[in-house]
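>>> next come a sequence and a model predicted from it.
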Amino acid sequence: AWQIPEQAHWQVLPYMTQQYDGITKRANTEVGVYVSYKPNHHQQLSVALNPDFGQVDSDELVLNYSNVETLLTDKRPFFTQDLGFFSTLSLQDNLMIHTRRIGAGSDDGETFITPIDAAVRFTHQGEAVNVGAFAVQEDTLETDAGKAFYAARSTYRTDHWQSGVLATRTERPYVGRTADTLTWDSHYQSATWSWQTAVSQSRIDDAITAHDSQQQVASNSQGLGWWAAGKYQFTPRWDVGVEVFQLDDQFDNNDLGYMQRNNWRYQALNTNFTQAPTLKWLNRVKHQLSLSQQQNQQGQRLSAKQDYLVTWSLGNGALVESQLVYQSAGWQDNIGYRSDAFYLPDTWSRRVMYISPYVGTMTWAASVQLDDQGLDGLARQYGLDLTFLPHPNWTVNFNHFFREGDGWLIANKFNQVSSYDSDFYAST
């Protein structure tokens, strides 16, 4: 058996930045350091003091007027390393840890980015037992509006089975709020089938200050959520999976995690089937079908997505995708402004995309999409991406996106929904 040398490894990365504002004539100097220590190959301790994330790429522009928050990925190195170790079963983007919460806007609303004073993470990955934890303290600012985040994870695994526990805590002193979650998850996998489950409880303790009397009113809530997913592989080219979860109306993991909504019951059936025709111009055809239904806790059937995607892999290396999406009729109960639920008709979406093979140093992709929108509107969407590889070490991308349509529904106030025309163009 191969023996990995047990050798300690240190990494120390100090930094200093200086900014000067030509309008206010003020200068600002920041000093920090990142330290990583690996006593052996299966343990690591990372510490960041006043970390600098100024070199991280900015997010793409997203226009979102819905009541569902846009899910953005984290690009900061400290929070992307070993992130999978703290992950549990995620369905429909339900995340118990969403690191974009850390360093986000302050609770007093004065800043969109809160500086981080210190962050520490430790992981131990053994043959059967894994443990890890992290803690982050934001700058408290002048109003004590910074937050503190904590997470601890432990798992035990065998050849085919793994089970573990994840605990998180978020402290928000400015609003008098403490949020805790505790999640147990389990995963079994054999040669032909797999099964995952997770159960999570959330507890929120609030101390709400009545500003007119300067009195604090304490409240707390506890919620429960559970998830399950299974997949069976009939042949190397055909598999079928199921997904089901339920979040009660008190479940809330948004202080450190992410969820589209609570008060939600969801069921889905997914299948993938691949064909390998004996044709020179066609290598493979992959079919993906997803059928779903969803309700809220009151039993109202919500609009649900039925999706069919077929991908042709051509002999010259190109890809062609064709997608048909049917959004079933159902209730819309979370458009915003605490509006009452209203009934939406069914809609269709059609998309075709072509991705070219590499020809010399260039590849390109183009797509066309037509969507039914709102009550009786129609949206048209066009995309064109160009990629150049003038040198093996660098790439040049040109991305163009245009969408126009009518029937876009936006809540303006309580029980008032308006329909808008929209035109959106982006080029990067």
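It's in.
>>> how about the strands of the stretch 51-200 of the chain, start to end?
116-125, 129-138, 148-157, 161-172, 177-189, 193-210 (DSSP state E, counting those that start in this stretch).
>>> would TSV of these with mean neighbour count and mean pLDDT be doable?
Where C-beta positions appear, they are placed from N, C-alpha and C, glycine not excepted. Shown next, in TSV, are those (neighbours: other C-beta atoms under 10 Å; pLDDT from 0 to 100):
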stretch	mean neighbour count	mean pLDDT
strand 116-125	19	94
strand 129-138	19	96
strand 148-157	18	97
strand 161-172	18	97
strand 177-189	18	97
strand 193-210	17	88
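>>> turn those strands into TSV, including distance to Gln18.
Listed next are the strands of the stretch 51-200 of the chain as TSV, based on distance: least, C-beta to C-beta, whole Å:
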stretch	distance to Gln18
strand 116-125	19
strand 129-138	22
strand 148-157	28
strand 161-172	32
strand 177-189	36
strand 193-210	39
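>>> below-threshold pLDDT in the stretch 1-150 of the chain: ranges please.
1-6, 54-57 (pLDDT under 70).
>>> hmm, 80 instead?
Low-confidence segments of the stretch 1-150 of the chain (pLDDT under 80): 1-7, 19, 52-67.
>>> give me the distance from stretch 18-36 to the chain's centre.
Centroid separation for stretch 18-36 versus its chain: 31 Å, with C-alpha atoms, centre = their mean, to the nearest Å.
>>> so the residue most central in space within the chain versus Ala411, what's the distance?
Against the mean C-alpha coordinate of the chain, by C-alpha atoms, centre = their mean, the closest residue is Leu71 at 4.7 Å. Distance of Leu71 to Ala411, computed by C-beta to C-beta, to the nearest Å: 20 Å.
>>> same deal with Leu91?
For Leu91 relative to Ala411 (C-beta to C-beta), the value is 26 Å.
>>> so between these two, which is more surrounded?
Ala411 (19 against 15; other C-beta atoms under 10 Å).
>>> what's the closest of the strands of the stretch 51-200 of the chain to Trp394?
Nearest to Trp394, of all these, is strand 116-125, at 31.1 Å by C-beta to C-beta.
>>> and that closest one, what does it pack onto?
Packing partners of strand 116-125 (3 or more C-beta pairs under 8 Å, 6 or more residues apart in numbering; DSSP states H and E): strand 43-49, strand 129-138.
>>> by how many degrees do the last one and strand 148-157 diverge?
If you take axes from the mean of the first three to the mean of the last three C-alpha atoms, to 10 degrees, strand 129-138 sits at 170 degrees to strand 148-157.
>>> direction included, what does strand 129-138 pair up with?
Strand 129-138 has the following strand partners under DSSP bridges: strand 116-125 (antiparallel), strand 148-157 (antiparallel).
>>> show residues contacting the first one.
With C-beta atoms under 8 Å, 6 or more residues apart in numbering as the test, strand 116-125 has contacts from 42-51, 78, 81-82, 85, 102-103, 130-140, 146.
>>> how far out from the middle of the chain is that strand?
21 Å.
>>> next one: stretch 156-172
Worked out by C-alpha atoms, centre = their mean, stretch 156-172 lies 19 Å from the chain centre.
>>> which residues outside it are in contact with it?
By C-beta under 8 Å, 6+ apart, stretch 156-172 touches 86, 88, 96-97, 101, 107, 128-130, 147-155, 177-190, 253, 255-257.
>>> just stretch 174-185 next, same as before
Contacts of stretch 174-185 (C-beta under 8 Å, 6+ apart): 88-89, 96, 106-108, 143-146, 163-172, 196-209, 216, 252-253, 255-257.
>>> where does the stretch 201-350 of the chain have low pLDDT?
Judged by pLDDT under 80, the stretches of the stretch 201-350 of the chain that qualify are 208-218.
>>> thinking again about what came up before, now the strands paired with strand 129-138 in a markdown table, with distance to Gln373?
Below are those laid out as a markdown table (distance: least, C-beta to C-beta, whole Å):
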| stretch | distance to Gln373 |
| --- | --- |
| strand 116-125 | 40 |
| strand 148-157 | 38 |
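>>> pLDDT score assigned to the nearest residue to Ala207 once chain neighbours are set aside?
Leaving aside its chain neighbours, Ala207 sits nearest to Gly176 (3.3 Å; criterion: C-beta to C-beta, 6 or more residues apart in numbering). Looking at Gly176, its pLDDT reads 93.
>>> follow-up on the earlier one: where's the residue nearest to the centre of the chain relative to Gly257, distance?
11 Å.
>>> shared neighbours of these two, anything?
Common neighbours of Leu71 and Gly257, using C-beta under 8 Å, 6+ apart, are His98.
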